[in-house]
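In: this one's structure only:
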């Protein structure tokens, strides 16, 4: 029995030692986490994500959370008896829908702040309106008007630097304003990408409902652990990437080419996916890196 106990303890020590170079490498570095999908709906998974981000904060990283809330918005639009309208797969956001979206996103935002505070870390929830963080213009879908959906034109990260400097964990909901101060809903992936570029984040992690990027989406054994930007472009060019992964991968390439060191696409349905990807030699999702970057994982 004692042997087993000792084995377990040694394994725990090994895990900590394995994490050490990663902790050293990313100490005081900014990490942007895009939080969405099932991990936002399932209460147990939500707890794990928040624990992960809080741990990153406590070991010296500077995390920023950017969250969505699409499923929650749809739920509330339904609750007030409105029919959601989609144009080219994008939700049309009229004035009434925008009002609901902003209320719901703020509700989600403060619930995440509460979870972080419960773990003893100071968090501040803001939207892209605060401190002029996200400036937008109206976004069109193939020339069609989709209402109050914004395309980010400018990021002013001053408020983020101020919060990080004072040791707060910023939690951002993707709402911004245009030049006339109208409110716009922003795609959370786009917001996370723009913010990561603006603060030159060391890492940008997308929590999604898929395991990562596949060479062949129909074959689960073709998960790619590491992908250089040139390889990602090839995959897109050869038609391997479709559906919701295409804009995500384009966002990843854009982030890398604008100063973000690494982008991770992770399965948010796996408990503690962030820790496993960031602190272990063999990550669990797909890491996308610049062509000049050295591959990081080793067998």
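Out: Okay, I see it. Please read these numbers as outputs of a predicted model, since none were measured by experiment.

In: For residue 278, which non-adjacent residue is spatially closest?
Out: With CB to CB, 6 or more residues apart in numbering as the criterion, residue 278 has its nearest non-adjacent residue at 6.0 Å, and that residue is residue 22. Every residue, glycine included, has its C-beta placed from N, CA and C.

In: Near the one you found, how many other residues are there?
Out: 18 (other CB atoms under 10 Å).

In: which element is it on?
Out: Per DSSP states H and E, residue 22 falls inside helix 2-26.

In: Grab the longest strand from the protein for me.
Out: strand 144-155 (DSSP state E).

In: Find the centremost residue of the chain, please.
Out: residue 34 (1.1 Å; CA atoms, centre = their mean).

In: Give the closest residue to that one in space, chain neighbours not counted.
Out: residue 192 (3.6 Å).

In: Might you report the residue contacts of the one you found?
Out: Contacts for residue 192 were tallied using CB atoms under 8 Å, 6 or more residues apart in numbering; they are 32, 33, 34, 66, 204, 206, 251.

In: Now pLDDT and distance to residue 149 too, for these, in TSV please.
Out: Formatted as TSV, those follow (pLDDT from 0 to 100; distance: CB to CB, whole Å):
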residue	pLDDT	distance to residue 149
32	96	21
33	95	23
34	94	18
66	97	17
204	94	22
206	92	20
251	86	16
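
In: and residue 247, how far is that from residue 59?
Out: 32 Å (CB to CB, to the nearest Å).

In: and if you look at residue 113?
Out: Residue 113 is 21 Å from residue 59, by CB to CB.

In: residue contacts, residue 105?
Out: Per CB under 8 Å, 6+ apart, neighbours of residue 105: 67, 69, 73, 127, 173, 174, 175, 185.

In: With residue 52 instead?
Out: Neighbours of residue 52 in contact, by CB under 8 Å, 6+ apart: 272, 273, 274, 275.

In: The second one: how many residues sit nearby?
Out: Around residue 273 there are 25 other residues, counting by other CB under 10 Å.

In: So it is in contact with residue 208, correct?
Out: No - applying CB atoms under 8 Å, one finds residue 273 not in contact with residue 208, separated by 9.8 Å.

In: residues shared between the contacts of these two?
Out: With CB under 8 Å, 6+ apart, residue 273 and residue 208 have common neighbours 266, 267.

In: Lowest-scoring secondary structure element of this protein by mean pLDDT?
Out: Across the helices and strands of the chain, mean pLDDT, DSSP states H and E gives its lowest value to strand 90-91, namely a mean of 76.

In: Pull out the buried residues from the following helix or strand past it.
Out: Of the helices and strands lying after strand 90-91 in sequence (DSSP H and E), the nearest is helix 95-118. Neighbour counts over helix 95-118 (16 or more other CB atoms under 10 Å) mark 97-98, 100-102, 104-106, 108-109, 112-113, 115-116 as buried.

In: Can you verify the residue nearest to the centre of the chain is assigned to a helix?
Out: No - using DSSP: H, G, I helix; E, B strand; the rest coil, the assignment for residue 34 is strand, not a helix.

In: Can you tell me who it pairs with across the strands?
Out: As for beta bridges, residue 34 partners with residue 66, residue 206 under DSSP bridges.

In: Just the buried ones from the contacts of residue 52, in ChimeraX syntax?
Out: Burial among the contacts of residue 52 is assessed by 16+ other CB under 10 Å; the matching ChimeraX selection reads:
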select :273,274,275
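
In: just for the stretch 101-250 of the chain, where's the confidence low?
Out: When residues are selected by pLDDT under 70, none of them lie in the stretch 101-250 of the chain.

In: which stretches of it form helices?
Out: 158-165, 188-198, 229-237, 245-257 (DSSP state H, counting those that start in this stretch).

In: of those helices, which approaches residue 280 most closely?
Out: helix 245-257 (20.7 Å; CB to CB).

In: Report the buried residues of the closest one.
Out: 245, 248, 249, 250, 251, 252, 253, 254, 255, 256.

In: and what of stretch 222-235?
Out: Neighbour-count burial for stretch 222-235 [16+ other CB under 10 Å]: 223, 224, 225, 226, 227, 228, 229, 231, 232, 235.
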